[in-house]
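> pasting the sequence and the predicted model now:
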Amino acid sequence: MQTKQITMQSITSFTDNRITTLSITPVIRRKGLASKQFNDYWKDIHGPVCARLPYLGVYIQHHMQKANPDLFPAIAGIERVVDTSNDWDGFAEIGFFSNAALEQWLPHTTILFDDERNVFDTTVAYYCDNSSRTLKDQQQSLVTNYSDGRKFFYYFISPADTVSLKEADDFFLETFVKTFADNEQISRVRYHILAPHDNTKPNPPAPDVNHYLAPEKQHRYVLEICAGNVAAVKQLYHTAAFEQLTTEMAACFKAVHVFESAGRYTMAYDGQITNAGLRGATNDALIETIGAINQTREDVRNLLLHG
């Protein structure tokens, strides 16, 4: 399979890469909620509340199927089966163009965090200041309501205890991620390096929701990729470029948990609320299906936003 080198020059203008302060918050759905109820409430009710808050740069809901160990090859020393404490149902990606914007946003969030108890049992906020990057994407501006026709996959990775964090970080950035970016079957590559989750206080501060995650269960890296199908991802695992990394992977990673997308919803992008964020994802999809373009005009958007 052919590979090609990816340069940073062509992607510096991505909104993704102008975000400097970002949180990644994995979630587990509330007990008693059916999967459809969870997905609908999150994208149609909870999401528009968050999307209307000021100072956001981006807000994306990544809904996920449960972790699938068959989506990563068996490598001695690397755990592929996830513990129930972090078998996520998705994660929220919330980003800001500056730390000052985050600080201005926080006083407005009580209304958001008060709603978490309706849809989530667990939310665990990680921060990754200036440590998120999109290396590659066929789409210059990625605004999705469920999907753009590609398959999205998420790798949640924990570093091994037997190497230094710097060694693991360097391998992840300079070798592991690059192998995906250099493969022509992979059309999007975005990564996050997560700071340890702070268990000393509720984070995020949502009442009646669990925010504790044992340090040994925490992930350090999140890799988001796109491909045409599952087969394209599995074909990458059989390339020489990937197979020659197995020894170093086993040395640097103790766990790789792979999740397939169950829907990717962009609620705010480039500092603006999207139609999915304004209306809810289901209504936005209905408007597009019917072709009611009048509902997307700025005068209608302004009416809904400002009355």
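Done, it's in. Residues are numbered from 1 along each chain as shown.
> helices of the protein, residue ranges please.
Under the criterion DSSP state H, helices of the chain are mapped to 35-41, 47-51, 99-105, 110-113, 165-171, 177-181, 230-237, 240-243, 246-252, 275-279, 281-290, 298-306.
> now mean neighbour count and distance to His63 too, for those, in TSV please.
To be clear about C-beta, it is placed using only N, CA and C from the backbone, and glycine gets the same treatment. Shown next, in TSV, are the helices of the chain (neighbours: other CB atoms under 10 Å; distance: least, CB to CB, whole Å):
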stretch	mean neighbour count	distance to His63
helix 35-41	16	6
helix 47-51	21	10
helix 99-105	15	23
helix 110-113	14	18
helix 165-171	15	28
helix 177-181	20	22
helix 230-237	16	17
helix 240-243	13	27
helix 246-252	17	28
helix 275-279	24	13
helix 281-290	16	10
helix 298-306	11	24
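> point out the one among these that comes closest to Arg133.
In terms of CB to CB, the element of the helices of the chain nearest to Arg133 is helix 177-181, at 8.8 Å.
> I'd like the average pLDDT over the closest one.
In this model, helix 177-181 has an average pLDDT of 98.
> now what about it, what contacts it?
Applying CB atoms under 8 Å, 6 or more residues apart in numbering, the contact partners of helix 177-181 are 6, 135-136, 186, 189, 191, 223, 225, 236, 241-242, 245.
> restricting to C-alpha, output it in PDB.
Extracted in PDB, the C-alpha atoms of helix 177-181 (Å, rounded to 0.1, in the frame of the first residue of the first chain):
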ATOM      1  CA  VAL A 177       0.500   9.100  15.000                       C
ATOM      2  CA  LYS A 178       2.700   9.700  11.900                       C
ATOM      3  CA  THR A 179       2.100   6.200  10.700                       C
ATOM      4  CA  PHE A 180      -1.600   6.900  10.400                       C
ATOM      5  CA  ALA A 181      -1.000  10.300   8.900                       C
END
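> gap between it and the chain center?
17 Å (CA atoms, centre = their mean, to the nearest Å).
> same check, this time on stretch 44-61
The answer for stretch 44-61 is 14 Å, by CA atoms, centre = their mean.
> quick check: mean pLDDT of it?
For stretch 44-61, the per-residue pLDDT averages 98.
> end to end on it, go ahead and measure it.
This stretch, stretch 44-61, spans 11 Å end to end (CA to CA, to the nearest Å).
> could you do stretch 152-165 as well?
27 Å.
> give the buried residues for that stretch.
For stretch 152-165, a neighbour-count test (16 or more other CB atoms under 10 Å) marks 152-160, 163 as buried.
> cool, and stretch 183-190?
183, 185-190.
> hmm, back to that, distance to Pro202 added to the helices of the chain, as TSV?
Formatted as TSV, these follow (distance: least, CB to CB, whole Å):
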stretch	distance to Pro202
helix 35-41	21
helix 47-51	17
helix 99-105	17
helix 110-113	9
helix 165-171	26
helix 177-181	32
helix 230-237	36
helix 240-243	40
helix 246-252	32
helix 275-279	25
helix 281-290	28
helix 298-306	30
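> among those helices, which comes closest to Ser85?
When the helices of the chain are compared (using CB to CB), the closest one is helix 35-41, at 17.8 Å.
> pretty sure Val222 contacts His192?
Yes: Val222 is in contact with His192 according to CB atoms under 8 Å; the separation is 4.4 Å.
> now do the shared contacts for those two.
Counting by CB under 8 Å, 6+ apart, the residues touching both Val222 and His192 are Ile24.
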